[in-house]
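Engineer: here is my input, please return the structure:
(one chain, ligands or ions: 1)
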Amino acid sequence: MEKEMICIICPKSCKVKISYDENKEILSVTGNSCNKGLAYVKEEWTNPQRMVTGTIVIHNAIQKRLPFILSGKIPKEACLSVMEAMRQVEVDAPVQMGQILATNVADLSVDALASRSMERIE
Ligand code: SF4
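Structural biologist: From the prediction side, this is the model:
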């Protein structure tokens with residue numbers, strides 16, 4: 001059996017073909033131009049990970065929402081849990097870029113960090 005995948009590691013966007021058996025074990029990978037692509041495809045096949053970003057409510061700031069990024073990748077299937085957990089988080093300005101907004105988000109051992117600073121307005 002075969003499946004095609006686009007490698008998203010770099011702008012070349014190689015079209016990679018994976019051959020696998022009935023147990024979903026990879027038999028061969030073709031179409032990747034480098035080993036980074038091979039590693040990406042293997043991880044995506046066995047344990048897909050994602051870096052999640054989003055926004056939360058911020059009070060007393062020039063904007064109504066503050067962008068955040070997680071401190072590390074999480075399993076793809078946990079993305080919704082993270083977004084649900086972060087929907088409950090609200091902060092007050094001021095906030096500094098990199099400030100921890102929430103710890104151990106959705107029990108995934110990652111923190112949510114502010115992606116930018118935001119000053120307080122009165
Ligand atoms: S396989 Fe290598 S060259 Fe191709 S998109 Fe992935 S990282 Fe880029």
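
Engineer: excluding chain neighbours, what is closest to I62?
Structural biologist: I121 (5.7 Å; C-beta to C-beta, 6 or more residues apart in numbering). (C-beta placed from N, C-alpha, C; glycine too.)

Engineer: now the one you found: phi and psi?
Structural biologist: The phi and psi values for I121, taken as degrees, to the nearest 10, are phi -120, psi 150.

Engineer: quick one: pLDDT of it?
Structural biologist: pLDDT, I121: 94.

Engineer: residue boundaries of the helices in the chain?
Structural biologist: Here the chain has its helices, by DSSP state H, at 35-46, 79-87.

Engineer: okay if I get these as JSON lines plus mean pLDDT, distance to the ligand and mean neighbour count?
Structural biologist: Converted to JSON lines, those look like this (pLDDT from 0 to 100; distance: least, C-beta to the nearest ligand atom, whole Å; neighbours: other C-beta atoms under 10 Å):
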{"stretch": "helix 35-46", "mean pLDDT": "95", "distance to the ligand": "2", "mean neighbour count": "15"}
{"stretch": "helix 79-87", "mean pLDDT": "98", "distance to the ligand": "22", "mean neighbour count": "15"}
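
Engineer: thank you kindly, that will do.
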